[in-house]
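Sequence isn't available, so here's the structure alone:
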């Protein structure tokens with residue numbers, strides 16, 4: 001396990017699977033993700049906070065575990081339910 005993976009595991013308190021699962025939906029987005037990484041790679045800053053934020057963004061983009069594809073719909077639903085409860089408009093279509 002690389003030191004970067006250990007750091008992520010510690011921060012997220014979520015076990016890292018030896019071989020990440022591949023989600024069919026995630027596979028469809030490979031080209032979009034590659035384009036996003038290439039675009040982020042073109043951004044440079046002398047500001048250490050921006051540099052760290054860009055590194056984190058690239059790390060998220062390279063994550064192929066499928067975790068975000070599984071949890072995002074659940075998060076959207078929970079956010080919209082809470083907003084409906086307090087009388088606010090929905091954040092997401094559908």
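Nice, thanks for sending it over. Every value quoted in this text rests on a predicted model; they were computed, and no experiment measured them.

For the protein, just list every one of the helices.
Here the chain has its helices, by DSSP state H, at 3-12, 24-28, 30-41, 48-62, 67-85.

Of all the ones you listed, which one comes closest to residue 92?
helix 67-85 (4.9 Å; CB to CB). C-beta: built from backbone N, CA, C; applies to glycine.

in the chain, which segments are predicted with low confidence?
The chain contains residues with pLDDT under 70 at 1-28, 94.

Tabulate the helices of the chain (a markdown table), appending distance to residue 91.
A markdown table is the format used below for the helices of the chain (distance: least, CB to CB, whole Å):
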| stretch | distance to residue 91 |
| --- | --- |
| helix 3-12 | 24 |
| helix 24-28 | 21 |
| helix 30-41 | 22 |
| helix 48-62 | 20 |
| helix 67-85 | 6 |
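
can you list those helices in JSON lines and add mean neighbour count?
Compiled in JSON lines, the helices of the chain are given as follows (neighbours: other CB atoms under 10 Å):
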{"stretch": "helix 3-12", "mean neighbour count": "10"}
{"stretch": "helix 24-28", "mean neighbour count": "11"}
{"stretch": "helix 30-41", "mean neighbour count": "11"}
{"stretch": "helix 48-62", "mean neighbour count": "12"}
{"stretch": "helix 67-85", "mean neighbour count": "12"}
